[in-house]
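Q: Provided below are the primary sequence and the corresponding predicted coordinates.
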Amino acid sequence: MPLLDVSLRLSARLPTYPGNPPWECLPVKRVARGDSSNVSALHLGTHTGTHVDAPRHFFDAGPGVDELPLEVLVGPARVVHLPGVPAVGAAELAPLDLAGVTRLLIRTDNSALWEKGSEFTPGFVYLAEDGARLLASRGIRLIGVDYLSVERFKAPGAPTHHALLGAGIVVIEGLDLSAAAPGDYELMCLPLKVAGGDGAPARVVLRSGQTG
C-alpha cells in the first residue's frame, strides 16, 4: 500500500506560531569550504512544524513526549473532512460515525494555508472545547489537526488543550492533510524522543487501505 507523508517540510518557509522559536538550520561544517563533511546546527522549538503535544505541555506533572505509548502513536486512524467551518465543535462532530475509532485526524480548510509559506494565519480553524470533550467521551486517544495549534488563537486558559491533554489524549498539530482523502488509514507518528519534552517534532505518514 502507498504511503502518504502528511508532515510539513522543515524550512524557512515554515510558519511559526507567535512566541515560539523560529526554525533555523545553520552551517557548521561544509565540504565546499574545505571541511571533511557537511554538518549543520538546528534551532527550533518543540512545537515546530508537524509535532506532538505531550500532557507536560500544560501540566507540569504530566508525562513528557518520551513517555507517550507507541501503541497510541501507531495504528488505525480515520481522516474526516469538515470544510467551510470556522471551528470544529460538538455540533460538527456529533453526526460523524466514529464507532471503534480511537485515532482521528481532522482535515479542514487549514490544509490550504500551507501554500501561503511562512505567513502565520491567526484565524485558522480550531477545535472548540465542546468538541474536545465530546471526543474524549467517545474514547478517542489521539487527535490530529491541520494547523499549528488545536486551540483557538490566544484562547484564554487554553480550554481545548486542557480538555484533551487532561484526558490523556495525544495531540498531533501541524499536519498537511491536503492530499488525504476521507477514510481509514494506518497512522505512523514518531516524535523525537526528547527527555521530559512538552512536545517534539514528528514525521507522520499514513498508509491507505486500513479499516477501523
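A: Noted; the coordinates are in hand.

Q: ok, now which ones touch the spatially most central residue of the chain?
A: Centroid check for the chain by C-alpha atoms, centre = their mean gives Glu173 as the closest residue, at 1.9 Å. Counting by C-beta atoms under 8 Å, 6 or more residues apart in numbering, Glu173 makes contact with His47, Thr50, His51, Val52, Asp53, Gly144, Val145, Tyr147, Leu148, Ser149, Val150. For every residue, glycine as well, the C-beta is placed using N, CA and C.

Q: a markdown table for the residues you listed, including secondary structure and distance to Gly183?
A: Output for those, formatted as a markdown table (DSSP: H, G, I helix; E, B strand; the rest coil; distance: C-beta to C-beta, whole Å):
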| residue | secondary structure | distance to Gly183 |
| --- | --- | --- |
| His47 | coil | 28 |
| Thr50 | coil | 20 |
| His51 | strand | 24 |
| Val52 | strand | 23 |
| Asp53 | strand | 25 |
| Gly144 | strand | 14 |
| Val145 | strand | 18 |
| Tyr147 | coil | 21 |
| Leu148 | coil | 25 |
| Ser149 | coil | 25 |
| Val150 | coil | 22 |
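
Q: what about the residue nearest to the centre of the chain, distance to Glu151?
A: Going from Glu173 to Glu151 by C-beta to C-beta, to the nearest Å gives 9 Å.

Q: mind checking pLDDT for the residue nearest to the centre of the chain?
A: Among the per-residue scores, Glu173 shows a pLDDT of 98.

Q: repeat that for the one 4 residues further on.
A: Among the per-residue scores, Leu177 holds a pLDDT of 98.

Q: beta-bridge partners for the nearest residue to it once chain neighbours are set aside, please?
A: Nearest residue to Leu177 in three dimensions, chain neighbours excluded: Arg107, at 3.9 Å (C-beta to C-beta, 6 or more residues apart in numbering). Bridge pairing for Arg107 (DSSP bridges) gives the partners His81.

Q: chain center to stretch 161-169, what's the gap?
A: 14 Å (C-alpha atoms, centre = their mean, to the nearest Å).

Q: what sits up against it?
A: Contact partners of stretch 161-169, identified using C-beta under 8 Å, 6+ apart, comprise 53-55, 57-59, 62, 127, 129, 132-133, 135-136, 140-143, 150-151, 171.

Q: only whichever of those are buried, select them in ChimeraX.
A: In ChimeraX, this line selects whichever of the contacts of stretch 161-169 come out buried by 16 or more other C-beta atoms under 10 Å:
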select :53,54,55,57,58,127,129,132,133,135,136,140,141,142,143,150,151,171
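
Q: which ones among the contacts of stretch 161-169 lie within helices?
A: Glu129, Ala132, Arg133, Leu135, Ala136 (DSSP state H).

Q: and the residue located most distally from the centre of the chain, how far is that from Gly131?
A: Of all residues in the chain, Gly34 sits farthest from the chain's C-alpha centroid, using C-alpha atoms, centre = their mean; the distance is 39.7 Å. Going from Gly34 to Gly131 by C-beta to C-beta gives 56 Å.

Q: report the rounded mean pLDDT for stretch 61-72.
A: Across stretch 61-72, pLDDT averages out at 97.

Q: how far does it sit from its chain's centre?
A: A distance of 15 Å separates the centroid of the chain from that of stretch 61-72, by C-alpha atoms, centre = their mean.
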